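A.B. asks: Model the structure of this input:
(chains A and B)
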Amino acid sequence: DGGITQSPKYLFRKEGQNVTLSCEQNLNHDAMYWYRQDPGQGLRLIYYSQIVNDFQKGDIAEGYSVSREKKESFPLTVTSAQKNPTAFYLCASSRQGDVYGYTFGSGTRLTVV
Amino acid sequence: RKEVEQDPGPFNVPEGATVAFNCTYSNSASQSFFWYRQDCRKEPKLLMSVYSSGNEDGRFTAQLNRASQYISLLIRDSKLSDSATYLCVVPKASGNTPLVFGKGTRLSVIA
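C.D. replies: Next comes the predicted model:
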């Protein structure tokens, strides 16, 4: 079955550490996205990529980095520069064009300890 | 006007009730709209897409009013399993741009 897989489900980070969240899809979607959700808040766009080897900053890109070396994969690194990284991170993918909705992975819950 | 705005609720309704949520958006050029459902601590899942004046799927009806720039979601004969947060979603701008998610409207259906 096609889908989008995020790992790990839960992640604990010490202050000052960089961590990488994995996102893999086998839906043959061109576009991939990273969103962050804080408790009681909406989804905020971190980065997105519409084609391999290209990506754009979203609304809250500071303290994050991404790469898109393969169509199937769009990992997100949360760097030590991100001051408040504790959140629920959601990866999504879609076909090109605004008539298509997104398919989401099941998310990674990141906690700073 | 914000890119997308929803009444946060919560809406507490008895089983069998009809409930409606509204959502306003700012980008008048938007062509596609979506309603997502999000259960507690889970990922959002696509509930309905709205491309023209509206869409109906069983107990769920989505309507679009382009002149007033709002979208509504109507749920008839509410079930306990409908309890969730409903997210209104619109494109950030015209063309191939990311989607903007509303903060959601929380629905609790009570027995």
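
A.B. asks: In the chain, where is pLDDT below threshold?
C.D. replies: In the absence of a named chain, this looks at chain A. A:1, A:98 (pLDDT under 70).

A.B. asks: wrong chain, I was asking about chain B
C.D. replies: In chain B, residues with pLDDT under 70: B:94-96.

A.B. asks: Skipping its backbone neighbours, what lies nearest residue B:4 in space?
C.D. replies: residue B:102 (4.4 Å; C-beta to C-beta, 6 or more residues apart in numbering or on different chains). Any C-beta I mention is one placed from the backbone N, CA and C, and that applies to glycine too.

A.B. asks: which residues sit in contact with the one you found?
C.D. replies: A:42, B:4, B:5, B:6, B:23, B:87, B:88, B:89 (C-beta atoms under 8 Å, 6 or more residues apart in numbering or on different chains).

A.B. asks: What count of nearby residues applies to the first one?
C.D. replies: Going back to what we said before, that points to residue A:42. Neighbours of residue A:42 under the rule other C-beta atoms under 10 Å in any protein chain shown: 20.

A.B. asks: Which strand or helix spans the residue nearest to residue B:11 when sequence neighbours are not counted?
C.D. replies: Distances taken as C-beta to C-beta, 6+ apart put residue B:107 closest to residue B:11, at 5.0 Å, once the chain neighbours are dropped. Element membership for residue B:107 (DSSP states H and E) is strand B:105-110.

A.B. asks: Same question for residue A:111.
C.D. replies: Going by DSSP H and E, residue A:111 is part of strand A:108-112.

A.B. asks: so what strands line up beside that strand?
C.D. replies: Its sheet considered, strand A:108-112 pairs with strand A:10-13 (parallel), strand A:87-94 (antiparallel) by DSSP bridges.

A.B. asks: Can you give the distance of the longest one from its chain's centre?
C.D. replies: In other words, strand A:87-94. 5 Å (C-alpha atoms, centre = their mean, to the nearest Å).

A.B. asks: What are the contacting residues of it?
C.D. replies: A:4, A:6, A:21, A:23, A:25, A:27, A:29-38, A:43, A:46, A:74, A:76, A:78, A:100-105, A:107-110, B:41, B:43-44.

A.B. asks: residue ranges of the strands in chain B, please?
C.D. replies: Applying DSSP state E to chain B gives strands spanning B:4-6, B:11-14, B:19-25, B:33-38, B:44-50, B:54-57, B:60-65, B:70-75, B:84-91, B:99-101, B:105-110.

A.B. asks: Columns distance to residue A:64 and mean neighbour count on top of those, output as CSV?
C.D. replies: Converted to CSV, those look like this (distance: least, C-beta to C-beta, whole Å; neighbours: other C-beta atoms under 10 Å in any protein chain shown):
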stretch, distance to residue A:64, mean neighbour count
strand B:4-6, 23, 22
strand B:11-14, 34, 14
strand B:19-25, 27, 20
strand B:33-38, 22, 23
strand B:44-50, 20, 20
strand B:54-57, 35, 13
strand B:60-65, 33, 18
strand B:70-75, 30, 20
strand B:84-91, 22, 25
strand B:99-101, 18, 25
strand B:105-110, 28, 18
